[in-house]
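# From the sequence below, what's the structure:
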Amino acid sequence: MSEVEDFIYQFEGDQRKVMLHLHHWLTMDLNLAEKIRFKIPFYYGRSWICYLNPVKNNKVELVFVRGNELSNDQGILQNKGRKQVYGIEFEKVSEIPMQQLNEIIQEAILLDETKPYKSKRKLK
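Residues are numbered from 1 along each chain as shown. Alright, predicted model coming up:
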């Protein structure tokens with residue numbers, strides 16, 4: 001089992017099911033690399049594309065690192081007051097809109113492949 005799968009199996013019920021579903025989609029179907037960063041699973045191509053964030057109320061947020069650069073034509077990504085990252089929360093696997101997520105992740109992957117990520121953080 002991978003480090004990310006070890007992380008996911010710490011959770012129970014629907015939260016675990018949602019994370020496993022998204023993890024397998026991101027790694028098996030989309031061939032994104034996985035790594036634990038900041039104590040949560042990140043998925044990347046050339047740079048970070050998205051991450052899974054277990055949140056309160058047994059939900060999981062799929063967060064896109066460069067969400068502010070995505071079109072959000074589907075209207076389902078929320079920034080929650082954040083400037084760069086946008087995400088969408090799920091409580092059950094059955095409520096995951098896979099067609100819309102496929103459109104978003106394809107746009108995020110294309111962005112990752114064509115426009116290098118530049119950190120906006122100021123270095124001290």
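
# The longest helix anywhere in the chain - what's its average pLDDT?
Looking across the chain with DSSP state H, the single longest helix is helix 98-114. Averaging the model's pLDDT scores along helix 98-114 yields 96.

# same deal with stretch 82-93?
On average, stretch 82-93 scores 96.

# Same question for stretch 58-71.
Mean predicted confidence for stretch 58-71 is 96.

# got the buried residues for it?
60, 61, 62, 63, 64, 65, 66, 67, 70 (16 or more other Cβ atoms under 10 Å). All C-beta spots, glycine's among them, are computed from the backbone N, C-alpha and C.

# hmm, back to that, and the longest helix of the chain, what does it pack against?
Helix 98-114 sits against strand 48-55, strand 59-64, with contacts defined as 3 or more Cβ pairs under 8 Å, 6 or more residues apart in numbering; DSSP states H and E.

# Please repeat the previous calculation with a cut-off of 7 Å.
Here helix 98-114 touches strand 48-55, going by 3 or more Cβ pairs under 7 Å, 6 or more residues apart in numbering; DSSP states H and E.

# Can you give the distance of the strand it packs on from its chain's centre?
Between the centre of strand 48-55 and the centre of its chain there are 4 Å (Cα atoms, centre = their mean, to the nearest Å).

# same deal with stretch 104-122?
13 Å.

# Please put the alpha-carbon coordinates of that stretch into PDB.
Output of stretch 104-122 as PDB, limited to C-alpha atoms (Å, rounded to 0.1, in the frame of the first residue of the first chain):
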ATOM      1  CA  ILE A 104     -12.100  20.400 -14.800                       C
ATOM      2  CA  ILE A 105      -9.200  18.000 -14.300                       C
ATOM      3  CA  GLN A 106      -8.500  18.000 -18.100                       C
ATOM      4  CA  GLU A 107      -8.300  21.800 -18.000                       C
ATOM      5  CA  ALA A 108      -6.100  21.600 -14.900                       C
ATOM      6  CA  ILE A 109      -3.800  19.100 -16.500                       C
ATOM      7  CA  LEU A 110      -3.600  21.100 -19.700                       C
ATOM      8  CA  LEU A 111      -2.700  24.200 -17.700                       C
ATOM      9  CA  ASP A 112       0.000  22.200 -15.800                       C
ATOM     10  CA  GLU A 113       1.500  21.000 -19.100                       C
ATOM     11  CA  THR A 114       1.400  24.300 -21.000                       C
ATOM     12  CA  LYS A 115       1.900  27.100 -18.500                       C
ATOM     13  CA  PRO A 116       4.600  26.500 -15.800                       C
ATOM     14  CA  TYR A 117       3.500  27.200 -12.300                       C
ATOM     15  CA  LYS A 118       5.100  30.200 -10.600                       C
ATOM     16  CA  SER A 119       4.700  30.500  -6.800                       C
ATOM     17  CA  LYS A 120       3.200  33.800  -5.800                       C
ATOM     18  CA  ARG A 121       4.700  33.500  -2.300                       C
ATOM     19  CA  LYS A 122       7.300  36.100  -1.500                       C
END
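
# Many thanks, have a good one.
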